[in-house]
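Student: Provided below are the primary sequence and the corresponding predicted coordinates.
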Amino acid sequence: MNFRWMLAAAALAACPVLAHAQDARDLCTDRQGLGTPPCTVEPGRVVAELGLADWTHDKDALSRTDTVEAGDLLLRFGLTESLEAQIGWTAYGHERVRDRVTGLVDRSAGVGDVRIGLLRNLRNPDGSGFSIAVLPYATLPTGGSAIGAGDWGAGLLLPVSYELTKGVALQLTPEVDAAVDEDGDGRHLAYGSVMGLGLDISDAVSASIETSLVGDRDPSDHSTQALAGLSLAWQPGDDLQFDAGVNLGLNADSPDRELYVGVTRRF
């Protein structure tokens, strides 16, 4: 009799675990790539996305700028089946600017601004089929002069994905922003979109090929940045992913290149 009770208790204890395993979605990350996915984190779970290293290089006739960031953390909290809260912060950034005429070098370092947002999925929160979401966000001026904007900003993204065939998805992320002015005081209009393809190379390896175009109406200098990006991701387990990527500037207003690596863990 005692043995039967022990089996019954073990079965009852296993039920929540089995239900949790059945409800688990495929790990969908925001980390790698230029765009933003419309999928949300399951309720009660947390996804931590950490940029281990990020290097951006930009050079023109007058100067060369190298920016290195580490500890770029995004935490995503599943609130409901189709709603998640996000908070992001960069732990360290270093900027080195070399004047190509005089040879003088200016260095600065510090932490980044805090970004908060709410991602609300409107269709298929697991990202399957046709999926669409809205993501309003705000940035708080907690960072220093190296990688901080200097004032608060805000914006709205509309992430969309559509499965063209098994393992191939069209991805689109239009956005409009109240971006912080270059001098760190006030805001201006910025708008654009990312478009690309997501490819499942195998059960554990995926890739994305993207391009982005963003118009920035800063009072000091109107510009349009155009980028092309390629990223790879490897998932050795259901709740773990490693990624790496490269972005290349396609015009004079864009940084020449950016390289990055990172890791994502679901809890």
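Tutor: That came through, no problem.
Student: Now do the strands in the stretch 101-250 of the chain.
Tutor: Chain-ordered strands for the stretch 101-250 of the chain, with DSSP state E, counting those that start in this stretch as the definition, fall at 105-110, 114-123, 130-140, 153-157, 160-165, 168-180, 187-200, 205-218, 221-237, 240-249.
Student: Which one of the ones you listed lies nearest to residue 41?
Tutor: When the strands of the stretch 101-250 of the chain are compared by CB to CB, strand 114-123 sits nearest residue 41, at 8.5 Å. Using the backbone N, CA and C atoms, a C-beta is placed for each residue, glycine as well.
Student: thinking again about what came up before, looking at the strands of the stretch 101-250 of the chain, which is closest to residue 65?
Tutor: Nearest of the strands of the stretch 101-250 of the chain (CB to CB): strand 105-110, 9.6 Å.
Student: neighbouring strands for the closest one, and are they parallel or not?
Tutor: Strand pairing for strand 105-110, determined by DSSP bridges: strand 83-99 (antiparallel).
Student: avg pLDDT for the partner strand?
Tutor: In this model, strand 83-99 carries a mean pLDDT of 96.
Student: Can I get that strand as CSV, trimmed to CA atoms?
Tutor: As requested, C-alpha coordinates have been extracted for strand 83-99 and formatted as CSV (Å, rounded to 0.1, in the frame of the first residue of the first chain):
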residue,chain,number,x,y,z
LEU,A,83,2.8,39.7,-23.7
GLU,A,84,6.3,40.1,-22.4
ALA,A,85,8.2,42.9,-20.6
GLN,A,86,11.7,43.8,-21.6
ILE,A,87,14.5,45.7,-19.9
GLY,A,88,18.0,46.2,-21.4
TRP,A,89,21.2,47.8,-20.3
THR,A,90,24.9,47.8,-21.5
ALA,A,91,27.4,47.3,-18.7
TYR,A,92,30.4,48.8,-20.5
GLY,A,93,31.3,50.7,-23.6
HIS,A,94,34.5,52.3,-24.8
GLU,A,95,34.9,54.7,-27.7
ARG,A,96,38.2,55.7,-29.3
VAL,A,97,38.2,58.5,-31.8
ARG,A,98,41.4,59.3,-33.7
ASP,A,99,41.8,62.5,-35.7
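Student: Kindly present the strands of the stretch 101-250 of the chain as TSV, with separate columns for mean pLDDT.
Tutor: Compiled in TSV, the strands of the stretch 101-250 of the chain are given as follows (pLDDT from 0 to 100):
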stretch	mean pLDDT
strand 105-110	94
strand 114-123	98
strand 130-140	98
strand 153-157	97
strand 160-165	96
strand 168-180	97
strand 187-200	96
strand 205-218	96
strand 221-237	96
strand 240-249	98
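Student: Can you name the residues that contact residue 145?
Tutor: If you count contacts by CB atoms under 8 Å, 6 or more residues apart in numbering, residue 145 has them with 108, 110.
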